[in-house]
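A.B. asks: A predicted structure for the sequence below; I have some questions about it.
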Amino acid sequence: MATNLGITNLEELVDSLPAGEKALFRRLYAVTTTVGELSIPQSMEPWISQQFGSLDAVTRQKIVRITNVITFEEALFNRLRSSRPTKCREENSPDVQLAAVSKDDLFSKPKDNTPEDLFGRVVGKHCVTASNVAKYDGLHGMIIFNEFHPLHFSREQIADYIDVGWEWAKRAQLAEPQAKYFFSIWNCLWRAGASICHGHAQVMLTRDRHYAKIEGLRKASLRYREDYGSNYFADLFQAHHSIGCAVGKGGVKILAHLTPFKDNEVIILAEELNLPLKNIIYEVLACFRDKLGVSSFNLGLVTPPLADTEESWEGFPVIIRLVDRGDTGSRVSDIGGMEIYASSVVSSDPFELARQLEECLT
């Protein structure tokens, strides 16, 4: 992985690649660098220097725009945005806030306080399933952790959460054979959209077709194979690896994503949902928690369908995406009009994320 480069060096780095690697990178990504300039009134100079470190950092801001021209995911990078002032804050730490709500914990007795699916519950060593009381699909369950605090997780617990979710999917598919498309999410704490603080994940098994973004990715990968005779996901890894933003371990591929939805997004690719993959998921989550100081995140896990389908899923791997959702003390959302309607605005640096991941995974 990279040792001293940053996202602002990306264009020069790509230009310096060997011809084959450069062509592959440019097949997937378009990179544009621009400079935003402004004039600062003298009365603002002390505040600017204190808030952002220097006047020069603000008067000429280097912005990097990266577009995946296969999937049309896009990110606009400006590290300066991480230093923006935010006045709306919750002063108590996440632990203090969690302690305050633990007294009214709905999930403390899940068998008494949550409904179950018609095919019953899946009980693991560290978690149990429930049927979601406010569903957004016909087969929509929850994995309720035995541990209240969502950030208190071990390697064994993460593996158990995944195993229980997969067993839920298999039982759901037996109960409703037309439902074949599995998806699981973990919204960790309120910044990530969790309405209940007790640690839990969600599992869905849908029918007819996969959810729109996943179906769009499947179709994009098939078009890519038709156009270039190559596997999109293998080339995505190689493009990241060529610039030092990806690493492989135990047959699993880990990418510091170049077009993240928000800060510090990691993509993990594997052929199957096996023990090496579960270990990597734990190690990346632990890196987020222990090294990056992340306390709120979204994790999504998608697999190929559980049964045969009319459409092709050739070359589609197990995919995990994990993204940092920012400071749990902030009352300012990290998502605004740009993310909803245009492109993601990102203040983290994939090269720095890659360096942190390398330290955690070796």
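C.D. replies: That came in fine, so what should we check first?
A.B. asks: tell me which residues in the top helix by length along the chain are buried?
C.D. replies: As assigned by DSSP state H, the longest helix anywhere in the chain is helix 155-175. Judged by neighbour count (16 or more other Cβ atoms under 10 Å), helix 155-175 contains these buried residues: 157-166, 168-169, 171-173. Every residue, glycine included, has its C-beta placed from N, CA and C.
A.B. asks: Pull the CA coordinates from the one helix or strand in the chain whose mean pLDDT sits lowest and hand them back as CSV.
C.D. replies: When the helices and strands of the chain are scored by mean pLDDT, DSSP states H and E, helix 94-101 comes last with a mean of 73. Taking C-alpha atoms only, helix 94-101 is exported to CSV below (Å, rounded to 0.1, in the frame of the first residue of the first chain):
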residue,chain,number,x,y,z
PRO,A,94,-21.3,8.0,23.3
ASP,A,95,-20.8,5.8,26.4
VAL,A,96,-22.6,8.3,28.6
GLN,A,97,-25.5,8.6,26.1
LEU,A,98,-25.7,4.8,25.9
ALA,A,99,-25.7,4.4,29.6
ALA,A,100,-28.7,6.9,29.8
VAL,A,101,-30.8,4.9,27.4
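A.B. asks: what packs against it?
C.D. replies: Of the remaining helices and strands, none touches helix 94-101 by 3 or more Cβ pairs under 8 Å, 6 or more residues apart in numbering; DSSP states H and E.
A.B. asks: Tell me the bridge partners for Pro63.
C.D. replies: Slight slip there: residue 63 is Ile, not Pro. Thr34 (DSSP bridges).
A.B. asks: all helices for this protein, in order.
C.D. replies: So, for the chain - with DSSP H - the helices run 10-15, 19-28, 45-52, 56-59, 94-101, 110-113, 155-175, 212-228, 232-242, 275-290, 337-341, 350-361.
A.B. asks: right, and the ones you listed - which one's nearest Val302?
C.D. replies: helix 212-228 (5.5 Å; Cβ to Cβ).
A.B. asks: Now do the spatially closest residue to Leu269 that is not a sequence neighbour: how many residues are near it, please.
C.D. replies: Leaving aside its sequence neighbours, Leu269 sits nearest to Lys253 (Cβ to Cβ, 6 or more residues apart in numbering; 4.3 Å). Look at Lys253: counted by other Cβ atoms under 10 Å, it has 22 neighbours.
A.B. asks: cool, and Lys125?
C.D. replies: Neighbour number of Lys125 under other Cβ under 10 Å is 11.
A.B. asks: cool, and Val203?
C.D. replies: 25.
A.B. asks: how near is it to Thr259?
C.D. replies: 27 Å (Cβ to Cβ, to the nearest Å).
A.B. asks: Poorly predicted segments of this structure, please.
C.D. replies: Along the chain, segments meeting pLDDT under 70 span 1-3, 82-92, 100.
A.B. asks: Let me see the contact set for the residue nearest to Tyr228 when sequence neighbours are not counted.
C.D. replies: Nearest non-adjacent residue to Tyr228, counting by Cβ to Cβ, 6+ apart: Arg27, 6.9 Å away. Arg27 sits next to Val69, Tyr228, Asp235 when contact means Cβ atoms under 8 Å, 6 or more residues apart in numbering.
A.B. asks: got a list of contacts for stretch 251-258?
C.D. replies: Residues outside stretch 251-258 that contact it (Cβ under 8 Å, 6+ apart): 29, 66, 68, 75, 236-237, 239-240, 245-248, 265-271, 276-277, 280, 284, 321, 350-351, 353-354, 357, 361.
A.B. asks: filter the residues you listed to the buried ones?
C.D. replies: For those, buried by 16+ other Cβ under 10 Å: 29, 66, 68, 75, 236-237, 239-240, 245-247, 265-270, 277, 280, 284, 321, 350-351, 353-354, 357, 361.
A.B. asks: Next up, the contacts around Trp47.
C.D. replies: Trp47 neighbours (Cβ under 8 Å, 6+ apart): none.
A.B. asks: and it, how far is that from Ile40?
C.D. replies: Distance of Trp47 to Ile40, computed by Cβ to Cβ: 9 Å.
A.B. asks: What of Val58?
C.D. replies: 7 Å.
A.B. asks: okay, and the common contacts of these two?
C.D. replies: With Cβ under 8 Å, 6+ apart as the test, Val58 and Ile40 both reach Ile48.
A.B. asks: Mind checking which of the two has more residues around it?
C.D. replies: Val58 (20 against 13).
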